[in-house]
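Visitor: What follows is a protein structure lacking sequence information:
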Ligand SMILES: Cc1ncc(COP(=O)(O)O)c(C=O)c1O
């Protein structure tokens, strides 16, 4: 049991807390589901990119799915092997492509024909062969929130099947490109297996048709997207997930690359915030806390649900309240009409499922320093990022002050 009161007293609030032991279990469950096949779990480090978290997964053997050169550098610094790093994303700059090639990562995931041209040109300049994979957009509705849906032609991600085929032929004929993989990622927080299976089938057929023209791929990259329970969602079991994917790959000798983010970290993370006070605007009850949308954006951005637990001695009956932060936006809330007892100054609210897309989406809006982060490993707490102070926030401006 994590003693949240003690953590608040030691590290102050607002505070992110990550249970690394939970994350280990999630990693092992997924790895185990693919047993009997060669597989790499390439942790999508955008979900939670704290160096200690990435290092923890690296120590379990994880690779990394990265979407900027900053993430590639982070992964390497945290001890992820270069041959387990993938670089994805719709918009990579020339400098990012060059550095990724020089770092000799596993492959670059291409998301357009134009990008293939840039990568080929840069590989030629460097006089090396660059391993590539192509992100196929299977045009399947993943049945998730529109902001985290990526597998429809309406979304900016990947290329359609016909374009992909043309790109593979072009890459295969290039002296500077080596097509080694195929990739799809239809969305995040997926709770339906059918769209995943259908996408895998389309992409596996593509692999077979490429074999017909002597283009032999090695990696079948199924992206991430496995959903988790925030409230009462029924999620996909890793075993069923793996079986659905593997059933589409009969007769193909491919290494599975899986890029989970949320599944590995979300429910191992908590955001701890302190009650400043309660207020009443007419009939409406507000609980004002010391954390804000700049710390945890998901409720404001997606209207996302996060379970909230009151850590209080209050024994009063629960009533509906909006839990809001100090940021000057009406969208700065963690929950609306949430049942909570009467709360006092310094009571704590524990916001669950905050280990993915929490801290990483944070900002300094309203000149608020981002929270500290603490990891729990083998039951022991350790600071893994100190709280940002005012001096940190102005450091890049101070010397340029126009007087
Ligand atoms: C290409 C790719 N892989 C993996 C992920 C991780 O998704 P999730 O956290 O839902 O597993 C994302 C998320 O946006 C992604 O775009």
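Guide: Cool, got the structure. Fair warning: this is a prediction, and the values are worked out from it, not measured in the lab.

Visitor: ok, the nearest residue to residue 249 once chain neighbours are set aside - how many residues close by?
Guide: Of all residues not flanking residue 249 in the chain, residue 204 sits nearest, at 5.6 Å (C-beta to C-beta, 6 or more residues apart in numbering). Every residue, glycine included, has its C-beta placed from N, CA and C. By other C-beta atoms under 10 Å, the residues close to residue 204 number 20.

Visitor: And for the one 4 residues further on?
Guide: By other C-beta under 10 Å, the residues close to residue 208 number 11.

Visitor: my guess is it meets residue 254, correct?
Guide: No - Residue 208 is not in contact with residue 254 according to C-beta atoms under 8 Å; the separation is 10.9 Å.

Visitor: biggest helix in this structure by residues?
Guide: helix 193-212 (DSSP state H).

Visitor: what about it and the ligand, touching?
Guide: No - counting by C-beta under 6 Å from any ligand atom, the ligand is not contacted by helix 193-212; separation bottoms out at 11.7 Å.

Visitor: likewise stretch 18-30?
Guide: No - if you take C-beta under 6 Å from any ligand atom as the test, stretch 18-30 misses the ligand, and the best it gets is 10.4 Å.

Visitor: ok, and what's touching that stretch?
Guide: With C-beta atoms under 8 Å, 6 or more residues apart in numbering as the test, stretch 18-30 has contacts from 2, 41, 43, 48, 50, 53, 56-57, 60, 62, 226, 238, 242, 258, 260, 263-265, 267-270, 355, 373-379, 384.

Visitor: Counting neighbours, which bits of the longest strand anywhere in the chain end up buried?
Guide: Secondary structure of the chain read by DSSP state E shows that its longest strand is strand 269-281. Residues 269, 270, 271, 272, 273, 274, 275, 276, 278 are the ones in strand 269-281 that count as buried (16 or more other C-beta atoms under 10 Å).

Visitor: what's it packed up against?
Guide: Applying 3 or more C-beta pairs under 8 Å, 6 or more residues apart in numbering; DSSP states H and E, one finds that strand 269-281 makes contact with helix 4-11, strand 15-19, strand 284-289, strand 348-351.

Visitor: for these, which one sits closest to residue 222?
Guide: strand 15-19 (25.3 Å; C-beta to C-beta).

Visitor: Measure how the closest one sits relative to helix 4-11, angle-wise.
Guide: Per axes from the mean of the first three to the mean of the last three C-alpha atoms, to 10 degrees, the angle that strand 15-19 makes with helix 4-11 is 120 degrees.

Visitor: Neighbouring strands of strand 15-19 in the sheet, and parallel or not?
Guide: Next to strand 15-19 in the sheet, as set by DSSP bridges, lie strand 269-281 (antiparallel), strand 372-377 (parallel).

Visitor: which among the contacts of stretch 18-30 are in contact with the ligand?
Guide: Filtering the contacts of stretch 18-30 for proximity to the ligand by C-beta under 6 Å from any ligand atom leaves 226, 260, 263.

Visitor: count of residues packed around the second one?
Guide: When neighbours are counted by other C-beta under 10 Å, residue 260 registers 27.

Visitor: So it is in contact with residue 228, correct?
Guide: No - with contacts counted by C-beta under 8 Å, residue 260 stays clear of residue 228, the gap being 10.0 Å.

Visitor: CSV please, covering the strands paired with strand 15-19 and showing mean pLDDT and distance to residue 157.
Guide: Shown next, in CSV, are the strands paired with strand 15-19 (pLDDT from 0 to 100; distance: least, C-beta to C-beta, whole Å):
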stretch, mean pLDDT, distance to residue 157
strand 269-281, 97, 26
strand 372-377, 98, 29
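
Visitor: Ok, which of those strands comes nearest residue 347?
Guide: Taking C-beta to C-beta, strand 269-281 is the member of the strands paired with strand 15-19 nearest to residue 347, at 4.4 Å.

Visitor: Would you format the helices and strands packed on strand 269-281 as a markdown table with mean neighbour count and mean pLDDT included?
Guide: Shown next, in a markdown table, are these (neighbours: other C-beta atoms under 10 Å; pLDDT from 0 to 100):
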| stretch | mean neighbour count | mean pLDDT |
| --- | --- | --- |
| helix 4-11 | 15 | 98 |
| strand 15-19 | 24 | 98 |
| strand 284-289 | 19 | 98 |
| strand 348-351 | 23 | 98 |
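
Visitor: Which residues are in contact with the closest residue to the ligand within the stretch 1-150 of the chain?
Guide: Residue nearest to the ligand within the stretch 1-150 of the chain (C-beta to the nearest ligand atom): residue 44, separated by 3.5 Å. Contact analysis of residue 44 by C-beta under 8 Å, 6+ apart lists 64, 65, 224, 259, 260, 261.

Visitor: Give me the buried entries from the residues you listed.
Guide: Among those, those classed as buried by 16+ other C-beta under 10 Å are 64, 65, 224, 259, 260, 261.

Visitor: of those, closest to residue 15?
Guide: residue 261 (21.4 Å).

Visitor: Tell me how many other residues crowd the nearest residue to the closest one once chain neighbours are set aside.
Guide: Sequence neighbours aside, residue 47 is the residue nearest to residue 261 in space, at 2.9 Å (criterion: C-beta to C-beta, 6+ apart). Neighbourhood size, residue 47 [other C-beta under 10 Å]: 24.
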